[in-house]
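**Student:** Generate coordinates for the sequence data below:
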Amino acid sequence: MTRLLARDFDPAVARRLACDGATVVLTSARSVGAGAAVAGAVGGHSVQADISEESQCAALVDATVERAGRLDVLVNNAGVTSVIPH
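**Tutor:** You can find the predicted model right below:
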């Protein structure tokens with residue numbers, strides 16, 4: 001099973017998916033080095049892409065299928081945080 005984690009991925013999610021037998025492909029537009037490190041640690045792959053750009057999304061899916069043979073699950077782990085003063 002191939003799982004693709006997109007945007008600001010959580011390394012714990014990547015580790016868990018890999019432990020469950022998934023081939024993990026990580027992507028990030030900004031955290032390229034971190035993505036490559038996590039991917040290497042779980043035996044996966046890292047592909048740089050900005051998923052806000054349609055053409056880069058298509059290239060990312062193509063690269064995932066080329067490297068892993070198929071794409072079964074996409075985890076878009078993105079979020080925004082605001083600091084609320086207390």
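**Student:** where along this structure do the helices fall?
**Tutor:** Under the criterion DSSP state H, helices of the chain are mapped to 11-19, 32-41, 54-68.
**Student:** Need the nearest residue in space to residue 28, chain neighbours excluded.
**Tutor:** The shortest distance from residue 28 to any residue other than its chain neighbours is 4.7 Å, reached at residue 35 (Cβ to Cβ, 6 or more residues apart in numbering). All C-beta atoms are positioned from the backbone trio N, CA, C, and that covers glycine.
**Student:** if we can go back for a sec, adding mean neighbour count, write the helices of the chain out as TSV.
**Tutor:** Output for the helices of the chain, formatted as TSV (neighbours: other Cβ atoms under 10 Å):
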stretch	mean neighbour count
helix 11-19	16
helix 32-41	17
helix 54-68	15
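**Student:** Go ahead and confirm the residue nearest to residue 28 touches residue 27.
**Tutor:** Yes: A contact is recorded between residue 35 and residue 27 when judged using Cβ atoms under 8 Å, the distance being 6.7 Å.
**Student:** which one of the helices of the chain lies closest to residue 74?
**Tutor:** Proximity to residue 74, assessed across those by Cβ to Cβ, is greatest for helix 54-68 (8.7 Å).
**Student:** mean confidence score for that closest one?
**Tutor:** On average, the pLDDT along helix 54-68 is 92.
**Student:** Which strands or helices does it pack on?
**Tutor:** Using 3 or more Cβ pairs under 8 Å, 6 or more residues apart in numbering; DSSP states H and E as the contact test, the elements touching helix 54-68 are strand 2-6, strand 23-28, strand 45-48.
**Student:** switch the cut-off to 10 Å
**Tutor:** Under the contact criterion of 3 or more Cβ pairs under 10 Å, 6 or more residues apart in numbering; DSSP states H and E, helix 54-68 touches strand 2-6, strand 23-28, strand 45-48, strand 73-76.
**Student:** Parallel or antiparallel, which strands does the last one pair with?
**Tutor:** Going back to what we said before, that points to strand 73-76. In its sheet, strand 73-76 lies beside strand 2-6 (parallel), with partners assigned from DSSP bridges.
**Student:** can you tell me which residues contact residue 39?
**Tutor:** 5, 9, 11, 14, 18, 24, 25, 26, 27, 45, 46, 47 (Cβ atoms under 10 Å, 6 or more residues apart in numbering).
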